[in-house]
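>>> sequence and predicted structure below; questions after.
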Amino acid sequence: MASAPVISRIETLRSPKYPKGIWVRIHSSDGLVGLGETSHGPDAIEAHIHEAIAEYLLGKDPNRLDIHWDTMASRMKLTRGRGVDSSAVSAVDMALWDLYAKRVKQPLYQVLGGLSRDRIRVYNTCAGYSYGVINSVSKEAGHIDYRPEQPYEDYHAFMTDAGELADDLLSEGFTAMKIWPFDKYSNDNNGQFISSEQLDEGTEPFRKIREKVGNKMDVMVEMHSIWNLSSAKRIAKSVEPTNPFWFEDPVPMDNIDALVEFRQSTHIATTASETVAGRWAFREMFEKQAMTICMFDISWVGGISEAKRIASMAQAYQMPVAPHDCVGPVTLMFSVHLSLNAPNALIQETVRAFNATWYKDIVDILPRIENGYAYPPEGIGAGMDLLDTFVNDPATVIRGSDL
């Protein structure tokens, strides 16, 4: 009788080309490999994985997903926001789920409970090519390295002619987009005040969208948790006449009562929050009805295990979920699997500038996105692997912990 497989090796992979990103591969003794991903604080995340998580996981049965999560995430229960613990647990949990789905020879969405729909609507976050994981030092909120020779420099586009950008997105089948024109006004005063002139300037992109395409495009307002409550309310009142789809992360998530007050101040949906990790923090937000739409990032919230639990909790409150991705290709793929599975999934975030460039330099396949929808990934597990060209690149640093 063959012995049961055990976790035999845990790897982290990093590259200076993507200075905020980190990838995780978990090997089992039967030759299977699971893939995970997270971002921001990669030095600390890498150290935590190899110095704490690996000591626990190596030699364990990889199929015991729930008890592994509970043991790894013991310190997550002490905090509300995402951090080193939640990011490290997220990446490892993703890899364990990928490994498990491969072992049972099923796509990830199937082991999560099967398809609730045949496709999921997506929206385009209008980031530029170097936003997020690639851009290691932001000069200002929303900063990018402008690349006018590229077709999807969407940050610059929404800051200059949002109407034309909306028209271009519609031509590709997108019917929803997310922009953040107010961020730059927070730099001088730490989000404590926004002037009437700045409100008018920041609202102009929304007016241009309506003038150009009418209500054919849903528009999300990203606020990045950088405004105090009074300023967030002023921004909301300024944009409300353009009928936005939602206000996202309008205030910092350190005072849920302030988020409740914001939500009650507007008839537009309030969405929160990619900055929150763990079901314990979301439980309070649900109980207080602090938001209209639940958003989380699988690679920060605690992995696919916790994202699935939080989605189920949200359903008990008649609340839809909208998984976040501005992180990397693995996060996008896992998010599409969950969005296709969760009965209360509303819409899935994607970034066309990333899908067209650096995402393709890391993995061998991306979710199929056509005419504004993402479709079920093919293959077993998450359905993707790291490219050999990425793994074998001399710039890629691989650190391993072995049984």
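Sure, I can see it.
>>> at which residues are the strands of this protein located?
Secondary structure of the chain (DSSP state E): strands at 7-14, 21-28, 33-39, 120-125, 176-179, 218-222, 246-248, 269-272, 293-294, 348-350, 369-370, 373-374, 397-402.
>>> which residues touch V351?
N124, T125, A127, Y131, D325, C326 (CB atoms under 8 Å, 6 or more residues apart in numbering). (Each C-beta comes from the backbone N, C-alpha and C, glycine too.)
>>> what does K178 give?
Contacts of K178 (CB under 8 Å, 6+ apart): Y123, N124, T125, C126, V219, M220, V221, E222, E248, E349.
>>> ok, back up a step: just send the strands of the chain back as a markdown table, with mean pLDDT too.
Shown next, in a markdown table, are the strands of the chain (pLDDT from 0 to 100):
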| stretch | mean pLDDT |
| --- | --- |
| strand 7-14 | 98 |
| strand 21-28 | 98 |
| strand 33-39 | 97 |
| strand 120-125 | 98 |
| strand 176-179 | 98 |
| strand 218-222 | 98 |
| strand 246-248 | 98 |
| strand 269-272 | 98 |
| strand 293-294 | 98 |
| strand 348-350 | 98 |
| strand 369-370 | 98 |
| strand 373-374 | 98 |
| strand 397-402 | 98 |
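>>> low-confidence ranges, the stretch 201-350 of the chain, go.
By pLDDT under 70, the stretch 201-350 of the chain has no low-scoring segment.
>>> can you give me the helices for it?
229-239, 256-264, 279-287, 298-301, 303-316, 329-341 (DSSP state H, counting those that start in this stretch).
>>> return the alpha-carbon coordinates of the shortest one using CSV.
The C-alpha coordinates for helix 298-301 follow below in CSV (Å, rounded to 0.1, in the frame of the first residue of the first chain):
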residue,chain,number,x,y,z
ILE,A,298,-8.0,36.5,-2.1
SER,A,299,-4.3,37.0,-1.9
TRP,A,300,-4.6,39.2,1.2
VAL,A,301,-7.8,38.2,3.0
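>>> longest helix anywhere in this structure?
Longest helix of the chain, by residue count under DSSP state H: helix 84-103.
>>> what is it packed up against?
Under the contact criterion of 3 or more CB pairs under 8 Å, 6 or more residues apart in numbering; DSSP states H and E, helix 84-103 touches strand 21-28, strand 33-39, helix 42-48, helix 65-72, helix 108-111, helix 298-301, helix 303-316, helix 329-341.
>>> most tightly surrounded among the ones you listed?
Comparing the helices and strands packed on helix 84-103 by mean neighbour count (mean count of other CB atoms under 10 Å), helix 298-301 ranks first with a mean of 31.
>>> output the contacting helices and strands for that one.
Judged by 3+ CB pairs under 8 Å, 6+ apart, helix 298-301 is in contact with strand 33-39, helix 84-103, helix 303-316, helix 329-341.
>>> can you redo these as CSV with distance to Y56?
Formatted as CSV, the helices and strands packed on helix 298-301 follow (distance: least, CB to CB, whole Å):
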stretch, distance to Y56
strand 33-39, 16
helix 84-103, 10
helix 303-316, 15
helix 329-341, 22
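>>> and of the ones you listed, who's closest to A176?
Within those, the stretch nearest A176 is helix 329-341; the backing value is 13.6 Å (CB to CB).
>>> and for stretch 55-66, what's in contact with it?
4-10, 26, 28, 34, 68, 71-72, 92-93, 96-97, 99-100, 103, 305, 401-403.
>>> out of those residues, which are buried?
5, 7-10, 26, 28, 34, 68, 72, 92-93, 96-97, 99-100, 103, 305, 401 (16 or more other CB atoms under 10 Å).
>>> flag the shaky bits of the stretch 51-200 of the chain, pLDDT-wise.
Along the stretch 51-200 of the chain, the parts satisfying pLDDT under 70 run over 76-81, 135-148.
>>> let's see 50
Low-confidence segments of the stretch 51-200 of the chain (pLDDT under 50): 136-142.
>>> okay, how far is it across stretch 104-116, tip to tip?
Length of stretch 104-116, first residue to last, CA to CA, to the nearest Å: 20 Å.
>>> what does that stretch rub up against?
With CB under 8 Å, 6+ apart as the contact definition, stretch 104-116 has outside contacts at 97-98, 100-101, 304, 308, 334, 337-338, 340-343, 345, 376-383.
>>> what does stretch 272-284 give?
By CB under 8 Å, 6+ apart, stretch 272-284 touches 73, 76-77, 79-83, 86, 225, 248-250, 253, 256, 259, 285, 290-291, 293-297, 300-302, 306, 309-310, 313-314, 324.
>>> what are the buried residues along it?
For stretch 272-284, the neighbour count (16+ other CB under 10 Å) marks A272, S273, E274, T275, V276, A277, G278, R279, A281, F282 as buried.
>>> check the gap between the second one and R119 for me.
If I follow you right, that is S273. Using CB to CB, to the nearest Å, S273 is found at 26 Å from R119.
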